[in-house]
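Student: Predicted model, plus sequence, below.
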Amino acid sequence: QAQLVESGGGQVQAGGSLRLSCEASTLAFSNYLMGWFRQAPGKEREFVAAIRWNGVTTYYADSVKGRFTISRDNAQNTLYLQMLSLEPEDTAVYYCAARWDTDNGQSYQTNYAYWGQGTQVTVSA
């Protein structure tokens, strides 16, 4: 069973930055498309970003374009999310997820087979 473990969450002020990491184990990491999702209090979980196996093709939700950057290190089986210019609206639990690599359906959480436990990000005004 694949395991995904997120880290790097925390509390920051608006305008600050954080870098999330997601370490994968027992997973052929380079075969998988990796994604980040988030769930704010009282809201449904939503897509944030995704990256294909090659680390070149990326996808972003409109709400984070230009502020967040997704990347991966296949040698280290690790996924990253660099978050800049954080806003209170970014407050959420952030989850990483994995699915077999594909060029479609990246934003649909039902397509992802493996999920981490999440890491809390809190942005204060």
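Tutor: Great, that's in hand.

Student: The residue positioned nearest the centre of the chain pairs with what?
Tutor: Residue closest to the average C-alpha location in the chain (CA atoms, centre = their mean): W36, at 2.2 Å. Beta-bridge partners recorded for W36 (DSSP bridges): A49, C96.

Student: wait, doesn't it sit right on T69?
Tutor: No. W36 is beyond contact range of T69, at 10.7 Å (criterion: CB atoms under 8 Å). Heads up, the C-betas are built off the backbone N, CA and C, glycines and all.

Student: shared neighbours of these two, anything?
Tutor: By CB atoms under 8 Å, 6 or more residues apart in numbering, W36 and T69 have these common neighbours: L81.

Student: Would you map the strands across the protein?
Tutor: Ranges of strands in the chain, per DSSP state E, are 3-7, 10-13, 18-25, 32-39, 46-51, 58-60, 68-73, 78-83, 92-100, 114-115, 119-124.

Student: how about those, which one is nearest Q106?
Tutor: Taking CB to CB, strand 46-51 is the member of the strands of the chain nearest to Q106, at 4.0 Å.

Student: In the closest one, which of the residues would be classed as buried?
Tutor: Neighbour counts over strand 46-51 (16 or more other CB atoms under 10 Å) mark 47-51 as buried.

Student: Please apply the same query to stretch 118-125.
Tutor: If you call a residue buried by 16+ other CB under 10 Å, then stretch 118-125 has these buried ones: 118-119, 121, 123.

Student: what's the answer for stretch 87-101, then?
Tutor: So for stretch 87-101, counting by 16+ other CB under 10 Å, buried means 90-99.

Student: partners of F68 in the sheet?
Tutor: M83.

Student: pretty sure it contacts L86?
Tutor: No. Contact criterion CB under 8 Å: F68 and L86 do not qualify, at 9.2 Å.
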